[in-house]
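Peer 1: Below are the sequence and a predicted model for it; my questions follow.
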Amino acid sequence: MFQSLKALPEDSILGLMAKFRADPHAQKVDLGVGVFRDERGNTPVLDCVHRAETTILREQTTKSYVAPAGRAEFNTLVQSLVLGAAHPASVDGRARTVQAPGGCGALRLGAELIRKAAPQAVVHVSDPTWGNHVPLLGGSGLTLQRYPNYDPLAHSLKFDAMIDALQGCNAGDVVLLHACCHNPSGADLSPDQWAAVLEVLRRRGLVPFLDLAYQGFGDGLDADAHGLRLLARELPEALIAVSFSKNFGLYRERVGALIMIGADPGAADASMSHALQTARSIYSMPPDHGAAIVAGILADPAQRRLWETELDQMRNRIQAMRKLLSAALRARGVLEFDFIESQRGMFSLLGVNPDQVARLREKHHVYMTADSRMNIAGVMPGNVEYLADSICAVRG
């Protein structure tokens, strides 16, 4: 059977990680892999997570299955965190939440739900977008199309072109939107732009699918959820894929959720039943440990305050590194990268071409993906001057 298979090319991110690890250069800089790092280069376990795990290990009495929907208190607390405590979709009984194995699992569950409900629907994905969006959604059999979103050379949103493209979508189509901290561009919609997107979605009968992977990493927990809360309040249907890899630092625990907004409670119940059947057929039961950590933290006021403090520290570090890198480049007479300071989240597109990216890696030992996406968390006070010199060197 397997003799017919041809070896696939190496995953670009995994290959970049391997090259970085093998590079012996003392000043090498990793801006590739998308994980948060502190100023020592570590991806830390948060103090609130340590404390929650201690409680779990002390009190847990079984490793039996939970349920296909996951941990019930986790789902309730996540829905409140994402939508807000008194969101109309929750109050009116139109929202349902199912635990998923990471944000990836939530995205795939949502894609399978779309395929069951409307197999002819086209999913419109931003250009550019996170590299795994296309295989996760397209792998379900859905048709994907791109809409313009960001110009990496002009370092700005192509908002008018985005609106024009969405106005040409067919009723019943799905629009995938980054709720905050756009990956890879770091360029988010303003409140006014979210309002304009809402009007197009409502007028054209389009369904938003919101990817919330970085809540709290942009401008804060509530500010980062502004757009999705608006759409979930004003539109009859929506899907929200949630990840807790970044804001809880639970990358390897695979903690996520899919929130489904229906036109009425009956539609929400039907969506939930299909999501559960899909989960059962793919992975049966979600992992519990990470969800137990998140639920324990969100349910305990003291633990939640500690988490929010640590989340603020992570966000502030990223914003500080944005300012530091922009200032270092500005000090060298380079003003074209000032956009880095104004963007949000862990990522920005530097806007250099693939040859310049290759020279950064081969001559200066600075690692980023071929599209020039930088993980700002890889910038440190100790490497920013070297990084700025390297960027200037390849521009000429």
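Peer 2: Looks like it came in fine. Being a predicted model, the structure only gives us computed values, none of them experimental. Residues are numbered from 1 along each chain as shown.
Peer 1: Tell me who's in contact with residue 315.
Peer 2: 216, 217, 218, 220 (CB atoms under 8 Å, 6 or more residues apart in numbering). For every residue, glycine as well, the C-beta is placed using N, CA and C.
Peer 1: actually residue 347, not the one I wrote
Peer 2: Contacts for residue 347 (CB under 8 Å, 6+ apart) come out as 34, 181, 182, 183, 184, 185, 186, 373, 374, 375, 376.
Peer 1: for it, which residues make a bridge with it?
Peer 2: residue 375 (DSSP bridges).
Peer 1: Against residue 375, how distant is it?
Peer 2: Separation of residue 347 from residue 375 (CB to CB, to the nearest Å) stands at 6 Å.
Peer 1: Kindly report the same for residue 39.
Peer 2: Distance from residue 39 to residue 375, by CB to CB: 14 Å.
Peer 1: ok, those two, which is more surrounded?
Peer 2: Using other CB atoms under 10 Å as the criterion, residue 39 and residue 375 rank with residue 375 on top: 24 against 13.
Peer 1: Against residue 327, how distant is that one?
Peer 2: For residue 375, the distance to residue 327 - CB to CB - is 19 Å.
Peer 1: ditto for residue 133
Peer 2: In this view, residue 133 and residue 327 are 33 Å apart by CB to CB.
Peer 1: Tell me which of these two has more neighbours.
Peer 2: Shown here are residue 133 and residue 327; by other CB under 10 Å, residue 133 has more neighbours (22 against 15).
Peer 1: Break this structure down into its structural domains.
Peer 2: Following automatic domain parsing, one finds the domains of the chain at 11-43+315-395, 65-299.
Peer 1: dump the residue contacts of residue 267.
Peer 2: Contact analysis of residue 267 by CB under 8 Å, 6+ apart lists 94, 237.
Peer 1: And the helix or strand hosting it, what's buried?
Peer 2: Assigned by DSSP states H and E, residue 267 belongs to helix 265-282. Within helix 265-282, the residues that count as buried by 16 or more other CB atoms under 10 Å are 267, 268, 271, 272, 275, 276, 278, 279.
Peer 1: what mean pLDDT does the helix or strand harbouring residue 114 have?
Peer 2: For residue 114, the host element (DSSP H and E) is helix 102-117. What helix 102-117 shows for mean pLDDT is 97.
Peer 1: who touches that helix?
Peer 2: For helix 102-117, with CB under 8 Å, 6+ apart as the criterion, the contacting residues are 98, 100, 121, 123, 132-133, 136-137, 139-142, 174, 207, 209, 211-213, 239, 241-243, 245, 254-258, 260, 271, 274-275, 278-279, 282-283, 286.
Peer 1: go with 6 Å
Peer 2: By CB atoms under 6 Å, 6 or more residues apart in numbering, the list of residues contacting helix 102-117 from outside reads 100, 121, 136-137, 140-142, 174, 209, 213, 239, 241, 243, 254, 256-258, 274-275, 278.
Peer 1: Buried ones only from those, please, as a PyMOL command.
Peer 2: Listed next is the PyMOL selection for buried residues among those, using 16+ other CB under 10 Å:
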select buried, resi 100+121+136+137+140+142+174+209+213+239+241+243+254+256+257+258+275+278
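Peer 1: least confident pick among the contacts of residue 347?
Peer 2: Of all the contacts of residue 347, residue 34 has the smallest pLDDT value, namely 89.
Peer 1: any idea how far that residue lies from residue 103?
Peer 2: 12 Å.
Peer 1: Compare these two and say which is more crowded by neighbours.
Peer 2: For residue 34 versus residue 103, neighbours defined as other CB under 10 Å are more numerous around residue 103 (26 against 21).
Peer 1: How far does stretch 321-339 sit from its chain's centre?
Peer 2: 26 Å (CA atoms, centre = their mean, to the nearest Å).
Peer 1: Mind listing what's buried along it?
Peer 2: Buried residues in stretch 321-339 (16+ other CB under 10 Å): 321, 322, 324, 325, 326, 328, 329, 337, 339.
Peer 1: what residues does it touch?
Peer 2: Residues outside stretch 321-339 that contact it (CB under 6 Å, 6+ apart): 155, 340, 341, 376, 379, 384, 388, 392.
Peer 1: and with 7 Å instead?
Peer 2: The contact list for stretch 321-339 (CB atoms under 7 Å, 6 or more residues apart in numbering) reads 155, 340-341, 343, 376, 379, 381, 384-385, 387-388, 391-392.
Peer 1: Do me a favour and average the pLDDT over that stretch.
Peer 2: 94.
Peer 1: likewise stretch 76-96?
Peer 2: Per-residue scores along stretch 76-96 average to 97.
Peer 1: With stretch 9-25 instead?
Peer 2: The model assigns stretch 9-25 a mean pLDDT of 88.
Peer 1: Could you check how far residue 296 is from residue 54?
Peer 2: Per CB to CB, residue 296 is found 10 Å from residue 54.
Peer 1: Point me to the residue sitting closest to the centre of this protein.
Peer 2: residue 213 (2.9 Å; CA atoms, centre = their mean).
Peer 1: Can you give me the neighbour number for the nearest residue to residue 140 once chain neighbours are set aside?
Peer 2: Spatially, and ignoring its direct neighbours in sequence, residue 140 is nearest to residue 111 (4.0 Å; CB to CB, 6 or more residues apart in numbering). Residue 111 is flanked by 26 other residues according to other CB under 10 Å.
Peer 1: Could you list the low-pLDDT ranges of the stretch 251-396 of the chain?
Peer 2: Low-confidence segments of the stretch 251-396 of the chain, defined by pLDDT under 70: 396.
Peer 1: Strands along the stretch 101-250 of the chain, start to end?
Peer 2: Remark: strands assigned in the stretch 101-250 of the chain by DSSP state E, counting those that start in this stretch are 122-127, 143-148, 150-151, 156-157, 174-178, 207-212, 238-243.
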